[in-house]
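**Q** model the following, please.
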Amino acid sequence: MDNPLVSIIVPVYNVETYLSQCLDSLQNQSYTNIEVIVIDDGSKDNSWSVLQKYVVDKRFCCISQNNQGVSEARNKGLDLVKGEYIMFVDADDWLDCNAVTECVKAMQESNSDVCLFDYMREFQYISERRSLFENSQRFDEKACQDLQCRMIAPTGTELVRPQTLDSFGTIWGKLYKRSVLTDIKFVDLKVIGTAEDTLFNCFAFLQVKKAVYLHEAFYHYRKYNAGAETKKYKPDLYQRWNKLFEYMGRSACSEKARTALSNRIALSIIGLGLNECMSDQSFSQKKKQLLHIIGQSHYKEAYRELDFTYFPIHWKLFFFCAKHRLATPLLLLLKVIHRIIG
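**A** Prediction:
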């Protein structure tokens with residue numbers, strides 16, 4: 001196996017509690033020809049102090065900047081990379097020590113542009129594996145086009161689990177050839193709300209001709225960081241997601257991709273509804289907001305086109321309520337989902 005340089009980009013913001021576990025996992029990779037580019041995005045805690053013990057390792061490059069958001073932190077990292085391969089790791093997560101070795105090996109053996117792999121959802125007391133497919137496999141150009149559509153949203157039989165909308169689109173859990181990421185940048189969350197990594201992959205996978213998937217859970221995604229962005233109510237999320245759909249539409253270059261985009265709009269009521277559940281508004285105010293969202297023309301059109309065939313019965317009920325603007329049962333179902341996922 002050749003020994004190309006692998007660049008690992010780590011954006012950091014107020015994660016002093018978890019940062020050492022993340023960086024230790026990178027420092028201890030069995031694959032040693034790495035550069036770790038850490039961008040401290042204006043942390044207000046002791047994250048920068050934690051980073052100082054890693055700068056003695058010449059493979060680590062630690063940069064501090066004024067707070068600009070995770071997208072600009074990753075973009076800064078992309079501007080600095082020197083490696084043939086690029087990986088992203090979030091600062092409150094960690095990698096198995098053989099992750100880079102196995103991914104580089106798989107990419108070289110298959111001559112792939114990207115390697116995808118599984119992850120563990122790490123709760124405080126339990127771990128839960130999330131797999132993309134049942135077995136390791138390779139993807140030719142046509143299959144990569146299907147993967148790109150899946151980055152946008154599930155279609156057909158993939159709709160059996162609509163709650164996994166963005167499970168393929170994470171920026172972590174992948175090793176990329178640097179060449180497929182040329183001229184692609186992350187969009188600011190102030191513009192699109194969330195899913196900046198999924199949007200990035202929608203465009204990256206337009207360049208991917210070959211891919212390989214490893215049925216190995218190398219990545220550990222922490223789910224008990226109380227300060228994480230996914231835990232906070234976002235009052236402008238609906239407006240920002242409309243902008244996200246607009247950006248994604250530019251990557252929808254086939255009929256299947258356009259169907260995927262329509263499905264994303266329809267399925268987005270899960271995330272938008274759960275976001276409303278985190279607000280301090282009254283039940284009637286939340287119901288009014290849900291009615292406003294699902295009453296918009298692009299949502300009505302998305303629900304008209306949505307294929308209910310593969311939904312389990314509870315999701316058929318959920319999206320029936322959304323399609324027919326039954327806001328009270330829809331909000332009650334959302335509250336149940338919110339309670340289940342904590």
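**Q** could you say what helices and strands the helix or strand containing Ile340 packs with?
**A** Assessed by DSSP states H and E, Ile340 sits inside helix 327-341. On a contact count with 3 or more CB pairs under 8 Å, 6 or more residues apart in numbering; DSSP states H and E, helix 327-341 meets helix 255-277, helix 283-294, helix 313-323. Placement of C-beta: from N, CA and C, glycine included.
**Q** which one of the ones you listed lies closest to Gln145?
**A** With CB to CB, the closest approach to Gln145 among these belongs to helix 255-277: 8.0 Å.
**Q** quick one: average pLDDT of the closest one?
**A** Averaging pLDDT along helix 255-277 gives 97.
**Q** helices of the stretch 151-300 of the chain, residue ranges please.
**A** Assigned by DSSP state H, counting those that start in this stretch, the stretch 151-300 of the chain shows helices spanning 189-192, 196-204, 237-249, 255-277, 283-294, 297-305.
**Q** most tightly surrounded among these?
**A** By mean neighbour count, with neighbours taken as mean count of other CB atoms under 10 Å, helix 196-204 ranks first of the helices of the stretch 151-300 of the chain at a mean of 23.
**Q** distance from the chain centre to that one, please.
**A** 8 Å (CA atoms, centre = their mean, to the nearest Å).
**Q** so what touches that helix?
**A** The contact list for helix 196-204, computed with CB atoms under 8 Å, 6 or more residues apart in numbering, reads 70-71, 88, 114, 148, 151-152, 166, 168-172, 174, 176, 180-181, 184-189, 192, 244, 247-248, 251.
**Q** next one: stretch 51-71
**A** 11-13, 19, 23, 27, 32, 34-42, 48, 72-73, 76, 80, 185-190, 196, 229.
**Q** what do you get for stretch 150-163?
**A** Stretch 150-163 has contacts (CB under 8 Å, 6+ apart) with 149, 164-165, 168-169, 198, 201-202, 205, 248, 251-252, 256-257, 259-261, 263-264, 267, 270, 307, 309-312, 315, 319.
**Q** for it, which positions count as buried?
**A** By neighbour count on 16 or more other CB atoms under 10 Å, the buried set for stretch 150-163 is 150-155, 158-159, 162.
**Q** closest to Asp92 out of those residues?
**A** Out of the buried residues of stretch 150-163, the member with the shortest distance to Asp92 (by CB to CB) is Met151, at 23.4 Å.
**Q** possible to save the helices of the stretch 151-300 of the chain as TSV with distance to Gln137?
**A** Putting the helices of the stretch 151-300 of the chain into TSV (distance: least, CB to CB, whole Å) gives the following:
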stretch	distance to Gln137
helix 189-192	31
helix 196-204	18
helix 237-249	26
helix 255-277	20
helix 283-294	37
helix 297-305	30
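**Q** any idea which of these gets closest to Asn135?
**A** For Asn135, the closest of those is helix 196-204, at 21.8 Å, according to CB to CB.
**Q** how about that closest one as CSV, C-alpha atoms only?
**A** The C-alpha atoms that make up helix 196-204 are tabulated as CSV, following Å, rounded to 0.1, in the frame of the first residue of the first chain:
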residue,chain,number,x,y,z
GLU,A,196,-24.4,22.0,5.7
ASP,A,197,-22.6,18.6,5.4
THR,A,198,-25.4,17.0,3.5
LEU,A,199,-25.4,19.9,1.1
PHE,A,200,-21.7,19.7,0.7
ASN,A,201,-22.0,16.0,-0.2
CYS,A,202,-24.8,16.7,-2.7
PHE,A,203,-22.2,18.5,-4.8
ALA,A,204,-19.2,16.4,-3.9
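**Q** contacting residues for the residue lying closest to Leu261 once chain neighbours are set aside?
**A** Among residues not flanking Leu261 along the chain, Ala252 sits closest, at 4.8 Å (CB to CB, 6 or more residues apart in numbering). Going by CB under 8 Å, 6+ apart, Ala252 touches 152, 258, 260-261.
**Q** picking up where we left off before, make a ChimeraX selection of the buried ones in the contacts of stretch 51-71.
**A** Those of the contacts of stretch 51-71 that count as buried under 16+ other CB under 10 Å are selected in ChimeraX with:
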select :11,12,13,19,23,27,34,35,36,37,38,39,40,41,42,48,72,73,76,186,187,189,196
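**Q** narrow the contacts of stretch 51-71 to those in helices?
**A** 19, 23, 27, 48, 72-73, 76, 80, 189-190, 196 (DSSP state H).
**Q** quick one on the thing from earlier: now the angle from the helix holding Ile340 to helix 255-277?
**A** On the basis of axes from the mean of the first three to the mean of the last three CA atoms, to 10 degrees, helix 327-341 is oriented at 80 degrees to helix 255-277.
**Q** how about residues contacting helix 327-341?
**A** Residues contacting helix 327-341 (CB under 8 Å, 6+ apart): 269-270, 273-274, 276-278, 283, 286-288, 290-291, 294, 317-318, 321-322.
**Q** let's see 10 Å
**A** By CB atoms under 10 Å, 6 or more residues apart in numbering, the residues outside helix 327-341 that reach it are 163, 223, 269-270, 272-278, 283-284, 286-295, 314-315, 317-324, 326.
**Q** quickly run through the sheet partners of the longest strand along the chain, with directions.
**A** As assigned by DSSP state E, the longest strand anywhere in the chain is strand 211-222. Strand pairing for strand 211-222, using DSSP bridges, gives strand 94-95 (antiparallel), strand 114-122 (parallel), strand 137-139 (antiparallel).
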